[in-house]
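**Q** Build me a model:
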Amino acid sequence: MRRTRTTTGHRRAGRAKPRLILAAAGTTALALAVYGTASALTADNGSDGTKTTDAAAAAATTASGSPSATERDDTAKATTSASAAATSASPSAKASAKAAASASLAARLSLTSVALPKKLSYLSAGYNNVKEWTRVDTAVAPNGTTRVAWPAADGIHVTTLTAAGKRKGTDTVVAGTKEVGGLVSLNDGFALLTRVADSNKWGDTAAALIRYKNGARAFTKKLTGTASHDTSPGLDGQLKWNGTKFGAYFVVHGAGGFADGHYGDKLAYISASGAKLSGGWDWGCSHNEGIALYPEKTGAFTSLCHDDWRSGLFVSTGIGAPDVAPVVQREQCWAGYCGGTYAGRTGEIVKSAAGRYATAFASRGAVSAKKNPEDSSGRGWTVTPKWKTHQVAVAFLKNKTTVSGKPVYLTSAAGTEHVNVHIAPYGKTKLLVSWESLSNAKCAAGTCTGTFTGTHLRLIDYTGKFLTPDKVVKSRIAGEIAVLKDGDLTWAYAPATPDYRTALAGASPTSGSLTVARLDVS
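**A** From the prediction side, this is the model:
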């Protein structure tokens, strides 16, 4: 969540500024396969390189980490034979095969449109009023039922989709709610992490977990309140389900007690019937500039947070990120400077079958990191960033509490800003990483404006090795990417053309439809 940084102490005592989100890429601007209708694509064979047509791209060499010829993309149906031949072919043939594999990512992307009964305000003003996308979450139940949660003036709407990505019935409208903080799709309904009205000293909303079962509201469980001395004016949250319990991880505002007026984070576990369970914490990372959560089958859920006091990305699993929290990456993690750390202030953690974890984030890097001698607590850090702009980084954990090596950077263009970073499993052994790039970036107080140049798609493995060059499309990814029963990926977003050249002025524009994307992984 964006808050104004003060020079006294480690806390910002002012009211939280509601977070907001930016414009989406228009379906009219998408040169993609729309449910079987293919069209010409624009490719970029480097992380921020010169755009060429697909034909030219097939003959070009990637400018940002060309993979070896033996790293074939076995999911690229249209280029399997070309990739196989590349293992013993000339360098130009190898580059051609890899470029073709990258192009196949876009060829596997299909889109459909879903009309909305109410308007979706798809932008919000983040730190320095930079444009961000309003969060739209997509989730898939064990039986394959796909649901999408999105905010409207009358509350959060949950739309059920068919297997083809079309609307199935009318929306469930969760009245009296604000913000999609997380969505879990279940066989008999769904659970939503959101905010509801509350009575407290700040006039803030309260965090709440709301469960719908068989078409009716089963329970509403407030997760902040007078007894715990906290509120939640903006969740920036995550909600996960492991089959027996929910884990809700979100930002809190102290309303009394030791943390009065300060901001931290809270992790609460809730049973299937709405009862509060043991575990978690009332106060962890502070301020938390980005939250991620993975639902373990037993024990504490794996969690990560960007903590601006300790300056960086930390593993908070089971401990709430005290001073001994494992460091993933030191960052100049002030509000704004940690902007883009996780998409929509939240992040995805992906876990392989072998138990290795990966998370992607936008990073300014660190030339140096040392404790701040002016901080009497001994907790404060001073980090000198490497770049003014944010680059795309992927970090790994070898288990839910242990960092594995240093982050791998997928970009390094100092004049290009990278935003809206996402990661998702692509089959059993690969990862799809996506981000949006902004050219001619102009940065001030940690935030950047620039010209949108497309959404990048890249496949890597669980060590960070590049398996394809970037594929750049005039599309976007919003909210969480969900995995369908057959392994394909799906997400939903507002069909609007991104424009990051200026800050958001006035009210957000609106959309009367959502675009539902499906990426064929088989």
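
**Q** ends of stretch 193-203, how far apart?
**A** The stretch stretch 193-203 measures 20 Å between its terminal residues, going by C-alpha to C-alpha, to the nearest Å.

**Q** Now do the residue lying closest to residue 164 once chain neighbours are set aside against residue 157, distance only.
**A** Nearest residue to residue 164, sequence neighbours excluded (C-beta to C-beta, 6 or more residues apart in numbering): residue 112, at 6.9 Å. Where you see a C-beta, it was placed from the backbone N, CA and C, and this is true even at glycine. Using C-beta to C-beta, to the nearest Å, one obtains 18 Å as the distance from residue 112 to residue 157.

**Q** Which of these two has more residues huddled nearby?
**A** The neighbour comparison of residue 112 against residue 157 (other C-beta atoms under 10 Å) goes to residue 157, with 22 against 19.

**Q** I figured the more buried one hits residue 147, correct?
**A** No - look at residue 157 against residue 147 with C-beta atoms under 8 Å: they stay out of range, at 10.2 Å.

**Q** shared neighbours of those two, which are they?
**A** Common neighbours of residue 157 and residue 147, using C-beta atoms under 8 Å, 6 or more residues apart in numbering, do not exist here.

**Q** Count the residues that sit near residue 113.
**A** The tally of other residues near residue 113 (other C-beta under 10 Å) stands at 14.

**Q** Can you give me the neighbour number for residue 323?
**A** By the criterion of other C-beta under 10 Å, residue 323 has 9 neighbours.

**Q** isn't it right up against residue 379?
**A** Yes - at 5.9 Å, residue 323 and residue 379 qualify as touching, with contact defined as C-beta under 8 Å.

**Q** Could you name every residue contacting both of these two?
**A** residue 310.

**Q** Okay, and the residue nearest to residue 164 sits in which element?
**A** strand 109-121 (DSSP states H and E).

**Q** Off-centre distance for that strand?
**A** 20 Å (C-alpha atoms, centre = their mean, to the nearest Å).

**Q** Pull the distance from the helix or strand following that strand to the chain's centre.
**A** Next helix or strand after strand 109-121 toward the C-terminus (DSSP H and E): strand 123-125. In this view, strand 123-125 has its centroid 16 Å away from the chain centroid, taken as C-alpha atoms, centre = their mean.

**Q** what's strand 123-125 packed up against?
**A** Judged by 3 or more C-beta pairs under 8 Å, 6 or more residues apart in numbering; DSSP states H and E, the packing partners of strand 123-125 are strand 131-133.

**Q** Neighbouring strands of the strand it packs on in the sheet, and parallel or not?
**A** According to DSSP bridges, strand 131-133 forms sheet pairs with strand 123-125 (antiparallel).

**Q** Quick check: buried residues in the strand holding residue 112?
**A** Buried residues in strand 109-121, counted by 16 or more other C-beta atoms under 10 Å: 109-112, 114, 116, 120-121.

**Q** Can you convert the residues you listed into CSV and add a column each for distance to residue 515 and pLDDT?
**A** Shown next, in CSV, are the buried residues of strand 109-121 (distance: C-beta to C-beta, whole Å; pLDDT from 0 to 100):
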residue, distance to residue 515, pLDDT
109, 11, 89
110, 11, 91
111, 5, 92
112, 7, 94
114, 8, 97
116, 11, 98
120, 11, 97
121, 16, 97
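
**Q** Among the residues you listed, give me the pair with the biggest separation.
**A** The span of the buried residues of strand 109-121, defined through C-beta to C-beta, is set by 110 and 121 at 26.6 Å.

**Q** mind checking how far residue 446 is from residue 385?
**A** Taking C-beta to C-beta, one finds residue 446 at 9 Å from residue 385.

**Q** what's the overlap in contacts for those two?
**A** Counting by C-beta under 8 Å, 6+ apart, the contacts common to residue 446 and residue 385 are 332, 337.

**Q** Below-threshold pLDDT in the stretch 101-250 of the chain: ranges please.
**A** 101-103 (pLDDT under 70).

**Q** in it, which spans are strands?
**A** Along the stretch 101-250 of the chain, counting by DSSP state E, counting those that start in this stretch, strands occupy 109-121, 123-125, 131-133, 137-140, 146-152, 155-161, 172-174, 178-186, 189-196, 206-213, 216-222, 230-231, 238-241, 245-254.

**Q** All the strands of the stretch 401-522 of the chain, in order from the start?
**A** 402-403, 408-409, 417-426, 430-444, 447-461, 471-473, 482-483, 489-493, 510-519.

**Q** Of all those, which one comes closest to residue 198?
**A** Nearest to residue 198 among these is strand 510-519 (27.2 Å), distances taken as C-beta to C-beta.

**Q** So what touches that closest one?
**A** Strand 510-519 has contacts (C-beta under 8 Å, 6+ apart) with 24, 27, 105, 108-116, 119-122, 136, 138, 148, 150, 159, 161, 165, 432, 475, 477, 484, 488-496.

**Q** Name the residues linked to residue 359 by a beta bridge.
**A** With DSSP bridges as the rule, residue 359 is bridged to residue 349, residue 395.

**Q** same question, residue 423
**A** Note on residue 423: beta-bridge partners by DSSP bridges are residue 433.

**Q** One more: residue 157?
**A** With DSSP bridges as the rule, residue 157 is bridged to residue 150, residue 173.

**Q** Surely residue 498 and residue 476 touch.
**A** Yes - between residue 498 and residue 476 there is a contact at 6.2 Å, judged by C-beta under 8 Å.

**Q** Please identify which of the two sits among more neighbours.
**A** The neighbour count for residue 498 versus residue 476, taken as other C-beta under 10 Å, is higher for residue 476 (29 against 26).

**Q** Check what pLDDT the more buried one gets.
**A** Note on residue 476: pLDDT of 81.

**Q** cool, residue 338 as well?
**A** Value listed for residue 338 in the pLDDT field: 75.

**Q** Could you do the one 4 residues further on as well?
**A** Reading off the confidence values, residue 342 has pLDDT 67.

**Q** Repeat that for residue 255.
**A** So residue 255 comes in at 97 (pLDDT).

**Q** who's in contact with it?
**A** By C-beta under 8 Å, 6+ apart, the residues touching residue 255 are 200-202, 204, 226, 229-231.

**Q** Kindly reformat the residues you listed as TSV and extend each row with distance to residue 275 and neighbour count.
**A** Putting the contacts of residue 255 into TSV (distance: C-beta to C-beta, whole Å; neighbours: other C-beta atoms under 10 Å) gives the following:
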residue	distance to residue 275	neighbour count
200	23	18
201	28	13
202	27	15
204	25	22
226	20	14
229	21	20
230	19	27
231	22	26
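
**Q** Which of those residues sits closest to residue 504?
**A** Scanning the contacts of residue 255 for proximity to residue 504, where the rule is C-beta to C-beta, the winner is residue 204, at 22.4 Å.

**Q** Not including adjacent chain positions, what is the nearest residue to the closest one?
**A** Nearest to residue 204 is residue 231, by C-beta to C-beta, 6+ apart, at 3.6 Å.

**Q** If I follow the layout properly, the one you found ends up in contact with residue 197?
**A** No - at 11.1 Å, residue 231 does not count as touching residue 197 under the criterion of C-beta under 8 Å.

**Q** shared neighbours, these two?
**A** Taking C-beta under 8 Å, 6+ apart as the criterion, residue 231 and residue 197 both touch 205-206.

**Q** thinking again about what came up before, need the strands of the stretch 401-522 of the chain in JSON lines with mean neighbour count, mean pLDDT and distance to residue 338, can you?
**A** Formatted as JSON lines, the strands of the stretch 401-522 of the chain follow (neighbours: other C-beta atoms under 10 Å; pLDDT from 0 to 100; distance: least, C-beta to C-beta, whole Å):
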{"stretch": "strand 402-403", "mean neighbour count": "16", "mean pLDDT": "98", "distance to residue 338": "18"}
{"stretch": "strand 408-409", "mean neighbour count": "18", "mean pLDDT": "96", "distance to residue 338": "17"}
{"stretch": "strand 417-426", "mean neighbour count": "25", "mean pLDDT": "94", "distance to residue 338": "13"}
{"stretch": "strand 430-444", "mean neighbour count": "21", "mean pLDDT": "94", "distance to residue 338": "14"}
{"stretch": "strand 447-461", "mean neighbour count": "22", "mean pLDDT": "94", "distance to residue 338": "10"}
{"stretch": "strand 471-473", "mean neighbour count": "26", "mean pLDDT": "85", "distance to residue 338": "26"}
{"stretch": "strand 482-483", "mean neighbour count": "19", "mean pLDDT": "96", "distance to residue 338": "26"}
{"stretch": "strand 489-493", "mean neighbour count": "24", "mean pLDDT": "95", "distance to residue 338": "23"}
{"stretch": "strand 510-519", "mean neighbour count": "21", "mean pLDDT": "96", "distance to residue 338": "28"}
